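Colleague: Structure for this input, please:
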Amino acid sequence: MLVMGILNVTPDSFADGGRHNQLDAAVARGLEMIAESVDIIDIGGESTRPGAERVDENEELQRTIPVIEILAPFARNANVRISIDTMRSGVAEAAMKAGASIINDVSAGQSDAKMLATAAKLKVPYIAMHWRGHSKDMNSKAIYKNVVAEVISELEERIQLALAAGVEKENLIIDPGLGFAKDADHNWAIIDAIDRFVDLGYPVLVGGSRKRFLGGDSPDQREEATVNLTKRLKGTGVWAVRVHSVKPHKEALEL
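Modeller: So this is what the prediction gives:
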């Protein structure tokens, strides 16, 4: 199982907003993750925490592209890949030119009508996450009769649309979207049924790092629970975990 390290270059992300919002700090954290043997660095310039307001495309580009350009040579030398966490096709394309090689789209193409065609054109791995709407109102959409069956059904619809747009099957990765339009019971139900997502036949990314359903009064207090989640997912067939810290998760997987 791979470890994807989160590098938020934003002032308002829920777990680490502002810590890496300046170029020097972001680059330093990226280099630290490389030294800790991260497999993928996921760079994002727009917070998707509940209630977050969107930033414009130029701001997102200004936050992310310089970081990617500086980190890309170091990442290549260490056999580390860079992904861009974005819902915008223009940002995705600019990131690939700057040195990224994976698109991580939490909206699975629903936020930008050009995204699926762009991913197909770029011929890079494309992560499609289960999503029901932007951060501002996603909590109101956490209504399910059978969360596992409904999330799978909605992901399968996005899979078919991605394939129809020309995304190659071997480039498609899925993410059940823990915390996105889901409450704690929904998240745990998905984790308990993670084998059903793996059985869909695509690599599965799980991003539960420091999220509220893990307990604790603050994101930093949820780190131990996040490591325990990684241990729980080990051996399930999950492709990667998306986490804020790298070293404890690499160590947990190596035990």
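Colleague: buried set for the longest helix seen in the chain?
Modeller: If you go by DSSP state H, the chain has its longest helix at helix 57-77. The neighbour-count check on helix 57-77 (16 or more other Cβ atoms under 10 Å) flags 57, 60-61, 63-65, 67-68, 70-72, 74-75 as buried. From N, CA and C alone the C-beta is placed, and that goes for glycine too.
Colleague: The helix or strand just after that helix to helix 57-77, inter-axis angle?
Modeller: Going down the chain from helix 57-77, the next helix or strand is strand 81-85, by DSSP states H and E. For strand 81-85 against helix 57-77, the angle by axes from the mean of the first three to the mean of the last three Cα atoms, to 10 degrees is 170 degrees.
Colleague: Strand 81-85 packs against which elements?
Modeller: strand 40-44, helix 57-77, helix 89-98, strand 102-105 (3 or more Cβ pairs under 8 Å, 6 or more residues apart in numbering; DSSP states H and E).
Colleague: That strand pairs with which strands, and in what direction?
Modeller: strand 40-44 (parallel), strand 102-105 (parallel) (DSSP bridges).
Colleague: Just send the buried residues of helix 57-77 back as JSON lines, with pLDDT and distance to residue 202 too.
Modeller: Converted to JSON lines, the buried residues of helix 57-77 look like this (pLDDT from 0 to 100; distance: Cβ to Cβ, whole Å):
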{"residue": "57", "pLDDT": "95", "distance to residue 202": "28"}
{"residue": "60", "pLDDT": "95", "distance to residue 202": "27"}
{"residue": "61", "pLDDT": "96", "distance to residue 202": "29"}
{"residue": "63", "pLDDT": "94", "distance to residue 202": "29"}
{"residue": "64", "pLDDT": "96", "distance to residue 202": "26"}
{"residue": "65", "pLDDT": "97", "distance to residue 202": "28"}
{"residue": "67", "pLDDT": "97", "distance to residue 202": "28"}
{"residue": "68", "pLDDT": "98", "distance to residue 202": "25"}
{"residue": "70", "pLDDT": "97", "distance to residue 202": "32"}
{"residue": "71", "pLDDT": "98", "distance to residue 202": "27"}
{"residue": "72", "pLDDT": "98", "distance to residue 202": "26"}
{"residue": "74", "pLDDT": "98", "distance to residue 202": "29"}
{"residue": "75", "pLDDT": "98", "distance to residue 202": "24"}
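Colleague: re the thing from before, what residues does the longest helix of the chain touch?
Modeller: 7, 9-10, 21, 23, 26-27, 30-31, 34, 41, 43-46, 55, 80-82, 84, 86, 88, 90-91, 94-95, 98-100 (Cβ atoms under 8 Å, 6 or more residues apart in numbering).
Colleague: Likewise for stretch 161-179?
Modeller: 50, 106, 108-109, 116-117, 119-121, 123-131, 151, 155, 159, 187, 190-191, 194, 197, 200, 202-208, 211-213, 239.
Colleague: Give the ChimeraX command for selecting the buried subset of these.
Modeller: To isolate the buried members of these in ChimeraX, using 16+ other Cβ under 10 Å:
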select :106,108,109,116,117,119,120,124,125,126,127,128,129,130,131,151,155,159,187,190,191,194,197,202,203,204,205,206,207,208,211,212,213,239
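Colleague: Filter the contacts of stretch 161-179 down to the ones in strands?
Modeller: 126, 127, 128, 129, 205, 206 (DSSP state E).
Colleague: Distance of the nearest residue to the first one once chain neighbours are set aside relative to residue 158?
Modeller: Translated: residue 126. Distances taken as Cβ to Cβ, 6 or more residues apart in numbering place residue 119 nearest to residue 126, at 4.1 Å, with adjacent residues excluded. According to Cβ to Cβ, to the nearest Å, residue 119 and residue 158 sit 12 Å apart.
Colleague: so what's in contact with those two at the same time?
Modeller: Common neighbours of residue 119 and residue 158, using Cβ under 8 Å, 6+ apart, are residue 109.
Colleague: can you put the helices and strands packed on strand 81-85 in CSV and add distance to residue 249?
Modeller: Output for these, formatted as CSV (distance: least, Cβ to Cβ, whole Å):
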stretch, distance to residue 249
strand 40-44, 12
helix 57-77, 18
helix 89-98, 24
strand 102-105, 17
